[in-house]
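# with the sequence up front, the predicted model follows.
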Amino acid sequence: MKRILILCAKEWTVGEKNIAARYAHEVFSRIAVQKHTVAWFAHRPLPLFARGARRAPMETRDNIQFARLGPMFGYRFSVAMVLKRLEKLDIRNPFDIMVECVERSPLPLEESNRPRLLSIVFRPLRASYVQCLSRPLITATEEATASLQKAGIPSGHIIRAYAGADASDWNRTAGLVLAAIENLEHEIALRASVPAKPI
C-alpha cells in the first residue's frame, strides 16, 4: 500500500474547469480504490470567490483525503509551511511519495527530509523550470511532452500518461501513473541498499 500526497492547488469539486484537477481526480480516485492512501493539498477559495457551497478545510471525497490550505495566492507558501511543520514534529515520512501537478512553474520545495517527488506536467514550461524538475517526468498532454523534449529531456525520462477520453482510457492512465510510482519507489529502495563506497 502506497501513501501518496498530491500537490495540486485546484480541485474538481468546486466547479473549476482545470485539466490538472480533473486529471488528478480521475487518476488518483482509481488508485485510491486499490487500497492506497491518497491525500490532496489544495487551496481553499475565499468566501467571496467560492462557487457553490463552502468547502470544509478537511474532508474525504472519492477515497481521497483533502486538506485545503488557504487562499490561492498563498498556496505555495502554505505547502512549504505544512511540510516544514511535519518535519519539526519529526513526522518525516507520512507519505511514500509526493506527486506535483505542474501547470506553470514547479513549487519551490526543499529536497531535504521530504519524500521523493514525481512531477506531472500539463503545459509547455520554460526551459529554466524544466531543469528544476526531478526525473522521471510524467506528461499529461502531447504539448507538455514536446516542451520537455525541446528543453533537452531525453525521451527515456518522459512517461507519457495522457489524459483520457473515457473510463477505459483513464484506467490505462491510472495504471501508468501507479507503475511510475512503484518503479520510483523500487529505485529508491535499491539505492538505499547499496553500501556507500569507502573514501
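Here it is on my side, so go on.

# quick one: the helices in this protein?
Under the criterion DSSP state H, the chain carries helices at the ranges 19-33, 75-88, 127-130, 142-150, 167-193.

# which of the ones you listed sits closest to W12?
For the helices of the chain, proximity to W12 was assessed by CB to CB; helix 19-33 is nearest, at 4.3 Å. Quick note: C-beta positions are derived from backbone N, CA and C, even for glycine.

# next, the buried residues of stretch 169-176.
By 16 or more other CB atoms under 10 Å, the buried positions in stretch 169-176 come out as 170, 173-174, 176.

# pLDDT score for I199?
Note on I199: pLDDT of 50.

# tell me the average confidence for stretch 119-131?
Average pLDDT, stretch 119-131: 89.

# could you list the buried residues of that stretch?
119-122, 124-125, 129-130.

# tabulate those residues in a markdown table, adding columns for distance to R22.
As requested, these are exported to a markdown table (distance: CB to CB, whole Å):
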| residue | distance to R22 |
| --- | --- |
| S119 | 17 |
| I120 | 12 |
| V121 | 15 |
| F122 | 10 |
| P124 | 19 |
| L125 | 19 |
| Y129 | 22 |
| V130 | 23 |
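
# nearest to Q34, of these?
Of the buried residues of stretch 119-131, the one sitting nearest to Q34 (CB to CB) turns out to be I120, at 18.4 Å.

# any idea how far M98 is from that closest one?
11 Å (CB to CB, to the nearest Å).

# so what's G164 closest to, chain neighbours aside?
Nearest non-adjacent residue to G164, counting by CB to CB, 6 or more residues apart in numbering: W170, 3.7 Å away.

# what does R172 give?
Nearest one to R172, counting by CB to CB, 6+ apart, is G164 at 7.1 Å.

# go ahead and confirm that neighbour touches H25.
No - with contact defined as CB atoms under 8 Å, G164 does not reach H25; the gap is 11.7 Å.

# for these two, indicate the residue with more neighbours.
H25 (21 against 18; other CB atoms under 10 Å).

# where's the more buried one relative to V99, distance?
In terms of CB to CB, H25 sits 13 Å off from V99.
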